[in-house]
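> this one's sequence-less:
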Ligand SMILES: Nc1ncnc2c1ncn2[C@@H]1O[C@H](COP(=O)(O)OP(=O)(O)OP(=O)(O)O)[C@@H](O)[C@H]1O
């Protein structure tokens with residue numbers, strides 16, 4: 001478990017992290033997202049003790065890291081594995097030797113090292129590359145070896161700072177499967193720093209958005225994607241593209257499958273008149289299938305009434321950004337994704 005409270009980090013006069021409160025439960029994956037310069041990597045470096053926080057507390061597995069020094073600091077560091085964008089393997093060592101390195105530094109016996117290295121190679125699906133050198137591995141394979149090395153001292157927490165950045169979709173998928181396996185099989189708590197919303201959708205249990213050193217939005221992914229008015233929700237699941245300009249008023253609707261009435265279209269049409277379905281998309285995030293629709297309605301309808309009628313059938317609604325061009329009212333048959 002990671003508990004961060006009132007964490008502040010300043011370089012000179014400027015706070016780079018400003019009062020961060022964030023909790024990641026045991027065996028949870030948390031994603032931290034945010035624009036370049038928001039403070040994501042600084043947050044990771046404070047958690048793995050490469051940087052000292054200016055103030056606030058960081059508790060990992062029940063131990064407050066800020067007050068530690070000497071031997072207790074070194075012991076606490078072993079609780080935390082880190083994977084960076086580049087695996088930074090030593091090129092003169094084989095994959096197996098790279099994984100063994102932290103254990104050798106630790107003074108573990110040969111037999112123990114050999115057995116753990118074999119287990120780790122198997123876990124990351126790289127037993128067949130044990131004796132390859134980094135230059136003989138693909139980027140995704142190097143990253144898997146880097147993850148195995150970060151697990152060598154059996155940490156309870158893993159930090160991943162842009163570990164899938166620059167990898168192709170298959171290699172990314174393999175790394176994400178590996179991380180979810182570590183959470184589910186070994187109960188590792190994982191904090192993922194990423195700018196890739198696919199990664200958040202794919203594996204995160206909770207998500208926090210950092211901006212200018214502050215958390216501006218956070219919550220479980222399942223809750224965030226249900227929020228119709230949230231910038232983070234829109235970033236996670238953008239609205240499908242729809243035609244713009246014209247006579248109808250556009251509305252952006254969002255629903256989760258468990259909350260929407262199956263007969264919503266006919267019920268809404270009865271109350272509000274024709275509904276032009278302009279775009280529709282269903283995608284899963286945080287284990288929840290979320291549907292998004294852009295529809296066109298009569299522009300003379302009262303906004304509050306529209307919102308109420310849509311809410312009554314389980315649709316969260318926001319007025320869209322523009323008017324609709326050449327929209328034709330749809331029948332229920334065109335909304336296959338929502339019905
Ligand atoms: N050692 C340092 N000294 C001074 N300023 C720093 C230092 N490290 C980071 N910063 C500043 O802190 C801010 C946050 O940097 P950080 O690397 O944490 O952002 P980030 O969100 O990870 O960005 P990116 O997505 O581009 O990697 C930036 O304005 C950066 O210039």
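Ah, there it is. This structure is a prediction, so every number in the text was calculated from the model and none was measured.
> for the rest of this, base every contact and every neighbour count on C-alpha atoms.
Noted.
> where does pLDDT dip in this protein?
For the chain, the stretches flagged by pLDDT under 70 are 244-246, 322-339.
> show me what from it comes close to the ligand.
By the rule CA under 6 Å from any ligand atom, the part of the chain lying against the ligand is 11, 16, 35, 36, 37, 38, 39, 40, 41, 42.
> between those residues, which has the most around it?
The most crowded member of the residues of the chain next to the ligand, judged by other CA atoms under 10 Å, is residue 40 (26 neighbours).
> that residue contacts residue 195, correct?
No. With contact defined as CA atoms under 8 Å, residue 40 does not count as touching residue 195 (9.8 Å).
> most centrally placed residue in this structure?
Nearest to the geometric centre of the chain sits residue 200, at 2.5 Å (CA atoms, centre = their mean).
> and that residue, what are its phi and psi?
When quoted as degrees, to the nearest 10, the phi and psi of residue 200 stand at phi -60, psi -50.
> next, the contact list for it, please.
Contact analysis of residue 200 by CA atoms under 8 Å, 6 or more residues apart in numbering lists 31, 194, 207, 236.
> from residue 305, how far out is it?
The span separating residue 200 from residue 305 equals 35 Å under the rule CA to CA, to the nearest Å.
> please apply the same query to residue 69.
Distance from residue 69 to residue 305, counting by CA to CA: 61 Å.
> now residue 279
22 Å.
> and the longest helix along the chain, how far from the chain's centre?
Determined from DSSP state H, the single longest helix within the chain is helix 169-186. From the chain centre to the centre of helix 169-186 is a distance of 13 Å (CA atoms, centre = their mean, to the nearest Å).
> tell me what that helix is packed against?
On a contact count with 3 or more CA pairs under 8 Å, 6 or more residues apart in numbering; DSSP states H and E, helix 169-186 meets helix 139-150, strand 189-193, helix 197-203.
> quick one, it and strand 189-193 angle?
Angle, helix 169-186 to strand 189-193, by axes from the mean of the first three to the mean of the last three CA atoms, to 10 degrees: 150 degrees.
> for helix 169-186, which positions count as buried?
For helix 169-186, a neighbour-count test (16 or more other CA atoms under 10 Å) marks 171, 172, 173, 174, 175, 176, 178, 179, 180, 182, 183 as buried.
> just stretch 247-260 next, same as before
248, 249, 250, 251, 252, 253, 254, 255, 256, 257, 260.
> same check on stretch 215-234?
The neighbour-count check on stretch 215-234 (16+ other CA under 10 Å) flags 215, 218, 221, 222, 224, 225, 226, 228, 231, 232, 233 as buried.
> measure that stretch end to end?
By CA to CA, the extent of stretch 215-234 from end to end equals 17 Å.
> kindly report the same for stretch 130-147.
Terminal residues of stretch 130-147 lie 14 Å apart, using CA to CA.
> among the helices and strands packed on helix 169-186, which is the most enclosed?
Per-stretch averages of neighbours, counted by mean count of other CA atoms under 10 Å, single out strand 189-193 among those, with a mean of 27.
> helices or strands next to that one in the packing?
strand 14-24, strand 29-33, helix 40-47, strand 157-161, helix 169-186.
> quick one: secondary structure of the closest residue to residue 172 other than its chain neighbours?
Nearest residue to residue 172, sequence neighbours excluded (CA to CA, 6 or more residues apart in numbering): residue 164, at 5.5 Å. Classification of residue 164 using DSSP: H, G, I helix; E, B strand; the rest coil returns coil.
> quick check: phi and psi on residue 164?
Residue 164 adopts backbone torsions of phi -100, psi 0, taken as degrees, to the nearest 10.
> what's the neighbour count on it?
Residue 164 has 28 neighbouring residues, counting by other CA under 10 Å.
> hang on, it packs against residue 170?
No. Counting by CA under 8 Å, residue 170 is not a contact partner of residue 164; they are 10.5 Å apart.
> quick revisit: as a markdown table, the buried residues of stretch 247-260 with secondary structure and distance to residue 1 would be great.
Putting the buried residues of stretch 247-260 into a markdown table (DSSP: H, G, I helix; E, B strand; the rest coil; distance: CA to CA, whole Å) gives the following:
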| residue | secondary structure | distance to residue 1 |
| --- | --- | --- |
| 248 | strand | 50 |
| 249 | strand | 47 |
| 250 | strand | 44 |
| 251 | strand | 41 |
| 252 | strand | 38 |
| 253 | strand | 36 |
| 254 | strand | 33 |
| 255 | strand | 32 |
| 256 | strand | 29 |
| 257 | coil | 31 |
| 260 | coil | 35 |
